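Asker: Quick one, structure for this:
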Amino acid sequence: MARVHRFGKPDLFVTMTSNANWPEIKDQLALGEEAQNRPDFVARVFRAKLLALKKQIVDKHVFGEVSAYVYVVEFQKRGLPHVHFLIILKDGYKLKCPANYDKFVCAEIPTMANPALRATILKHMMHDPCGKLNPECSCMKHAKTPVRCKYEYPKSFTPTTATNIAGYPEYRRQDAGESVLIRKHLLDNRWVIPYNLYLLALFDCHLNVEVCSTMHVVKYLYKYIYKGHDKISFSVKDNDDPKGVDEIAQFQSG
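Answerer: Coordinates of the predicted model:
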């Protein structure tokens, strides 16, 4: 929290996930190979994309001049890597009103006027159908929210960006009267994951951008990015001894 004390609370939380269909990965695969067969290719390409993302944020000031930032790379339980950024902007670039939010964060399906970006949004930035549409969705299997989506999808239609009573931003989600078929269900703007138009067009992957608007979020996010790796307990046993060897039990029993 020393960074927050010195530079202020973070303004943006940015997540970028590796895309197994990036041409830089697919072009290097042998016949019959898939991305999961070559984690070396995936890691190298992802690192190159990560450096490009850092350049956009820190050097090209896509969000404005940066005062400080931290990030952590995770591998989704040995799966595709993804990165979480916390970005603190300089005072002259702070997001202080809904108009500032709308400059950097969008939560709507693009129109047909931009077919390439629209295809990227529909492919990467739509929350899976859940709730009544799909009670078996993974976001429904949560101890604290067993009967509703833990991410609170579908969101409500909102004509303009605002801050709710808890201090969290509610991004503009206008009712455009349009639904698209996503995984056998018709979804609209209420299911869009917040993103940045410019970065998403550059990187063609799941790239989520959220505004940090409360200190509660700040504490959670710093704890989140420094939480460390997942850990498991395991034991090794001989095939000829189905009971295995419990060294802890042996020690406790003397």
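Asker: ok, the closest residue to E178 other than its chain neighbours to R173 distance?
Answerer: Leaving aside its chain neighbours, E178 sits nearest to D188 (6.4 Å; criterion: CB to CB, 6 or more residues apart in numbering). Every C-beta, even on glycine, is put in place using the N, C-alpha and C of the backbone. Remark: distance between D188 and R173 (CB to CB, to the nearest Å) = 9 Å.
Asker: Over to A166?
Answerer: Distance from A166 to R173, counting by CB to CB: 18 Å.
Asker: Between these two, which has more neighbouring residues?
Answerer: R173 (24 against 9; other CB atoms under 10 Å).
Asker: May I ask you to confirm that the more buried one is in contact with K155?
Answerer: Yes: in this structure, R173 is within contact of K155 by CB atoms under 8 Å, at 5.9 Å.
Asker: Show me where the stretch 1-150 of the chain has its strands.
Answerer: Along the stretch 1-150 of the chain, counting by DSSP state E, counting those that start in this stretch, strands occupy 12-17, 66-74, 82-89.
Asker: Which residues in the second one does the neighbour count mark as buried?
Answerer: Applying a neighbour-count criterion of 16 or more other CB atoms under 10 Å, one finds 66-67, 69, 71, 74 buried in strand 66-74.
Asker: Nearest to R6, out of those: which one, please.
Answerer: The shortest approach to R6 among the buried residues of strand 66-74 belongs to S67, at 8.9 Å (CB to CB).
Asker: gap between N114 and L207?
Answerer: N114 is 16 Å from L207, by CB to CB.
Asker: I'd like to know which helix or strand in this structure has the lowest mean pLDDT.
Answerer: Sorted by mean pLDDT, DSSP states H and E, the helices and strands of the chain end with helix 215-225, the least confident at a mean of 68.
Asker: which is the next helix or strand following that one?
Answerer: The element immediately downstream of helix 215-225 (helix or strand, assigned by DSSP states H and E) is helix 247-252.
Asker: could you dump that following helix to CSV, C-alpha only?
Answerer: The C-alpha trace of helix 247-252 is given here as CSV (Å, rounded to 0.1, in the frame of the first residue of the first chain):
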residue,chain,number,x,y,z
GLU,A,247,4.3,-39.9,7.0
ILE,A,248,2.4,-37.4,9.1
ALA,A,249,0.3,-40.1,10.7
GLN,A,250,3.5,-42.2,11.3
PHE,A,251,5.2,-39.2,13.0
GLN,A,252,2.2,-38.4,15.2
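Asker: All set now, cheers.
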